[in-house]
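Undergrad: can you look at this prediction? I've put the sequence above it.
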Amino acid sequence: MINFKTTSSHSPFNVSKKLLCACAIYFTVFNVSGQSQLQGSHSFEYAYYSVTGVSGLDSIKSVVSRTAREHEMTTDALTSTSYKWKHLQAPAEKNGICTPSQVELKAHTVITLPRLVNAKLTKDELAVWAKSLKNLLSHENLHYANHQQAFLEITQEANSFEAPCNGFRAAFSKAMKVVIHGHIETDEAIDKKQSTSS
């Protein structure tokens, strides 16, 4: 089994109350020859770290940033996806060239956001916080959409993949990582665009 993780994050603290949510997408893909069976799932969830000691808008940014660092985060929000693939059967071979026989593909995304606890804020200040949280979540959703696209491209690459049988699994993993690295660059571009527009 291979586990490859990509993480993207956003500093400019910026959201609305979001309910804890988890979901998964499951599918099975067959190649045109009918020999390769790919089982895939991409699940996601929201996670929160508690922010306490907020007593006005002026203190929110500093308290959120400090709390995020205490949770070993370098930014105020984080979108992290783990990708895994496992060969359930030996690859199918024809004339020294192999294709995947049965591969299990999995991805799991966690979007981590700040959540105020016992904050001393007025109604207007809470409205500002909610707007900021909504903006932050919108940004993280861009990363999540990118990670969804990465997983889709991984399944497409796996479905059409072929390589010499000698070293097949290493070549398969390398091909999957090439796709993921391309989307890491997209994550970086998303953050760069945000930082220049902030």
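TA: In hand now; what should we look at?
Undergrad: all contacts plus neighbour counts: C-alpha atoms, from now on.
TA: Noted.
Undergrad: what mean pLDDT does the helix or strand encompassing H147 get?
TA: H147 belongs to helix 123-160 when assigned by DSSP states H and E. Average pLDDT, helix 123-160: 91.
Undergrad: for the very next helix or strand once past it, give me every contacting residue.
TA: Later in the chain than helix 123-160, the nearest helix or strand by DSSP H and E is strand 163-164. With CA atoms under 8 Å, 6 or more residues apart in numbering as the contact definition, strand 163-164 has outside contacts at G96, I97, C98, T99, A171, F172.
Undergrad: tell me the bridge partners for the fourth one.
TA: Applying DSSP bridges to T99 gives these bridge partners: A92.
Undergrad: that one: neighbouring residues, count only.
TA: When counting by other CA atoms under 10 Å, one arrives at 24 neighbours for T99.
Undergrad: I'd say it and H87 touch.
TA: No. Counting by CA atoms under 8 Å, T99 sits too far from H87 to count as a contact (11.2 Å).
Undergrad: and P114, how far from L152?
TA: 29 Å (CA to CA, to the nearest Å).
Undergrad: before we move on, the earlier item: give me the buried entries from the contacts of strand 163-164.
TA: If you count burial by 16 or more other CA atoms under 10 Å, the buried members of these come out as C98, T99, A171, F172.
Undergrad: tell me the contacts of the first one?
TA: Meaning C98. By CA under 8 Å, 6+ apart, the contact set of C98 is P91, A92, E162, A163, P164, C165, F168.
Undergrad: all strands for this structure, in order.
TA: For the chain, the strands defined by DSSP state E occupy 2-10, 22-30, 37-51, 77-87, 92-94, 97-99, 102-116, 163-164.
Undergrad: tell me what the helix holding H147 is packed against?
TA: Helices and strands touching helix 123-160, by 3 or more CA pairs under 8 Å, 6 or more residues apart in numbering; DSSP states H and E, are strand 2-10, strand 37-51, strand 77-87, strand 102-116, helix 168-197.
Undergrad: these into a markdown table, with extra columns for mean pLDDT and distance to L126?
TA: Listed next are these as a markdown table, based on pLDDT from 0 to 100; distance: least, CA to CA, whole Å:
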| stretch | mean pLDDT | distance to L126 |
| --- | --- | --- |
| strand 2-10 | 49 | 21 |
| strand 37-51 | 86 | 14 |
| strand 77-87 | 90 | 19 |
| strand 102-116 | 91 | 10 |
| helix 168-197 | 89 | 24 |
